[in-house]
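Q: how would this look folded up:
(one chain, ligands or ions: 1)
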Amino acid sequence: MISISDVKKIYQSKSGPISAVDGVNIDIGQGEIFGVIGYSGAGKSTLIRMLNGLEVPTNGTVNVNGQIVSKVKGKDLRQARQSIGMIFQHFNLLWSRTVLENIQFPLEIAGVSKKERLRRANELLELVGLDGRGDAYPSQLSGGQKQRVGIARSLANNPDVLLCDEATSALDPQTTDSILDLLVDINKRLGLTIVLITHEMHVIKKICHRVAVMEQGKVVELGDVLEVFRNPKEQVTKRFVREVSQVEETGETIDHLLAQYPKGKVLKFTFVGESTEQPLITSLIRRFDLDVNILQGQISQTQKGAYGTLFVHLDGNEETVQAAVSFAEEQMVKVEVIGG
Ligand SMILES: Nc1ncnc2c1ncn2[C@@H]1O[C@H](COP(=O)(O)OP(=O)(O)OP(=O)(O)O)[C@@H](O)[C@H]1O
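A: Residues are numbered from 1 along each chain as shown. This next block holds a predicted model:
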């Protein structure tokens, strides 16, 4: 559906050339929710803007649904853009127009009749859960409602792809979750491919199927969200994963655990997907002559299954503890010895 091949973007600035995107290759499938995460300046905005021709790559090609977006111009580009919707951090609504008028705006540009525009806008209003608010002005809406209008407007022309540029960054956590739920609902109902950029791992965890991590213009890590959570390779990815592991994993906490449990071993189990459903702790206690203390734990849901970490203290003779570690590993659970 989307193919980004060898894409580079170099900006010329007074202090010299800036390599904003540096040799990126990404393929995104139909119906996928694909997230790009990175800190400020990593090149995310530049990359997503190349998907709808708002930026032109210095090198490489961007193919969206069979159209080489990076090459087309004028009328062809305008047409290609109709099949690519976009929503923004600050909503980009027209403040002097009502909600219904905002949603109709792209249809006006596409030359759709007044009657059909109104019919479609009302349909979209219902889809995003804003029935009855059609005559309100954006200033009368909450942040979450404004983004719902942005989503309805982006869907007006029945796009194949929706681009989300930090779409929840201006919203509080609860509103963020309701907008993310709406995006998943739209993805499932309409089969829409969604590409989003964010600096929040929570967003990736909650709705994405796959993720690319960007740093200094490059994709440094790319994979299924669950796999990246289970086994983050790069430092930057580890930092992002840590952000959403509510279990405190700071050195201080671990030191505290070790001081509290000087005998035996303190282990960290990382469960992914099906392994979260196995009664591992019960099996350990039944099979091995060990004392097992659960110290801390958390399980969270992603679009591809559950992900969780559990800190446990195993106390028993060394051979038994080692056998228990091997047994846990056989259950597809990642085991790290934190201390002991
Ligand atoms: N129009 C421009 N002219 C010159 N440099 C630019 C331009 N747009 C972006 N840059 C630079 O390119 C690099 C990547 O910026 P980009 O906005 O794509 O990153 P980002 O990951 O989206 O970060 P942020 O979330 O802060 O926007 C930065 O160093 C930025 O200063």
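
Q: So which bits of this protein are right by the ligand?
A: Tyr11, Ser13, Ile18, Ala20, Gly38, Ser40, Gly41, Ala42, Gly43, Lys44, Ser45, Thr46 (Cβ under 6 Å from any ligand atom). Heads up, the C-betas are built off the backbone N, CA and C, glycines and all.

Q: In contact with the last one, which residues?
A: With contact set as Cβ atoms under 8 Å, 6 or more residues apart in numbering, Thr46 has these partners: Lys9, Ala20, Val21, Glu55.

Q: What subset of the residues of the chain next to the ligand is buried?
A: The neighbour count (16 or more other Cβ atoms under 10 Å) marks Ala20, Gly38, Ala42, Gly43, Lys44, Ser45, Thr46 as buried among the residues of the chain next to the ligand.

Q: Let's have the residues you listed in a markdown table, adding pLDDT and secondary structure.
A: Shown next, in a markdown table, are these (pLDDT from 0 to 100; DSSP: H, G, I helix; E, B strand; the rest coil):
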| residue | pLDDT | secondary structure |
| --- | --- | --- |
| Ala20 | 96 | strand |
| Gly38 | 96 | coil |
| Ala42 | 96 | coil |
| Gly43 | 97 | coil |
| Lys44 | 97 | helix |
| Ser45 | 96 | helix |
| Thr46 | 97 | helix |
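
Q: Tell me the first helix or strand C-terminal of the helix or strand bottoming out on mean pLDDT in the chain.
A: Least confident helix or strand, the chain: helix 251-260 with a mean of 66, by mean pLDDT, DSSP states H and E. Per DSSP states H and E, helix 251-260 leads on to strand 265-272 as the next helix or strand towards the C-terminus.

Q: what's the distance between that following strand and the middle of its chain?
A: Put simply, strand 265-272 sits 25 Å off its chain's centre (Cα atoms, centre = their mean, to the nearest Å).

Q: just use 44 as the starting number from now, easier for me
A: Sounds good: first residue 44 from here, last item strand 308-315.

Q: Run the angle between the next helix or strand after it and strand 308-315 for me.
A: Tracing the chain past strand 308-315, the next element assigned as helix or strand by DSSP H and E is helix 323-330. Angle of helix 323-330 versus strand 308-315, following axes from the mean of the first three to the mean of the last three Cα atoms, to 10 degrees, is 130 degrees.

Q: quick one: which helix or strand includes the residue positioned nearest the centre of the chain?
A: In the chain, the residue lying closest to the centroid (Cα atoms, centre = their mean) is Ile247, at 2.4 Å. Using DSSP H and E, Ile247 maps to helix 244-250.

Q: now swap in Arg232 and tell me
A: Taking DSSP H and E as the definition, Arg232 sits inside helix 216-233.

Q: And the helix or strand just after that helix, how far out from the chain middle?
A: Note on helix 216-233: by DSSP H and E, the next helix or strand toward the C-terminus is strand 236-241. Centre-to-centre, strand 236-241 and its host chain are 7 Å apart (Cα atoms, centre = their mean).

Q: so what strands line up beside strand 236-241?
A: Applying DSSP bridges, strand 236-241 is found paired with strand 76-80 (parallel), strand 204-208 (parallel).

Q: quick one, that strand and helix 216-233 angle?
A: Using the same axes, to 10 degrees: strand 236-241 against helix 216-233 is 160 degrees.

Q: which parts of strand 236-241 are buried?
A: Thr236, Ile237, Val238, Leu239, Ile240, Thr241.

Q: pretty sure the third one contacts Gly74?
A: No. When contacts are counted by Cβ atoms under 8 Å, Val238 is not listed as touching Gly74 (12.0 Å).

Q: Roughly how far does Leu143 sit from Gly128?
A: Distance, Leu143 to Gly128, using Cβ to Cβ, to the nearest Å: 18 Å.

Q: typo on my end, it should be Gly154
A: The spacing between Gly154 and Gly128, counted by Cβ to Cβ, is 18 Å.

Q: Who has more neighbours out of those two?
A: Gly128 (25 against 7; other Cβ atoms under 10 Å).

Q: Kindly format the C-alpha coordinates of the helix or strand encompassing the more buried one as PDB.
A: Per DSSP H and E: Gly128 is located in strand 127-131. The C-alpha trace of strand 127-131 is given here as PDB (Å, rounded to 0.1, in the frame of the first residue of the first chain):
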ATOM      1  CA  ILE A 127      -4.800  10.500   1.600                       C
ATOM      2  CA  GLY A 128      -6.400  12.200   4.600                       C
ATOM      3  CA  MET A 129      -4.500  13.900   7.300                       C
ATOM      4  CA  ILE A 130      -5.100  15.100  10.900                       C
ATOM      5  CA  PHE A 131      -2.900  17.500  12.900                       C
END
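
Q: Pretty sure Glu372 sits against Glu379.
A: No. Glu372 lies out of contact with Glu379 (Cβ under 8 Å); the separation is 10.6 Å.

Q: follow-up on the earlier one: using JSON lines, lay out the contacts of Thr89 together with secondary structure.
A: Shown next, in JSON lines, are the contacts of Thr89 (DSSP: H, G, I helix; E, B strand; the rest coil):
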{"residue": "Lys52", "secondary structure": "strand"}
{"residue": "Ala63", "secondary structure": "strand"}
{"residue": "Val64", "secondary structure": "strand"}
{"residue": "Glu98", "secondary structure": "coil"}
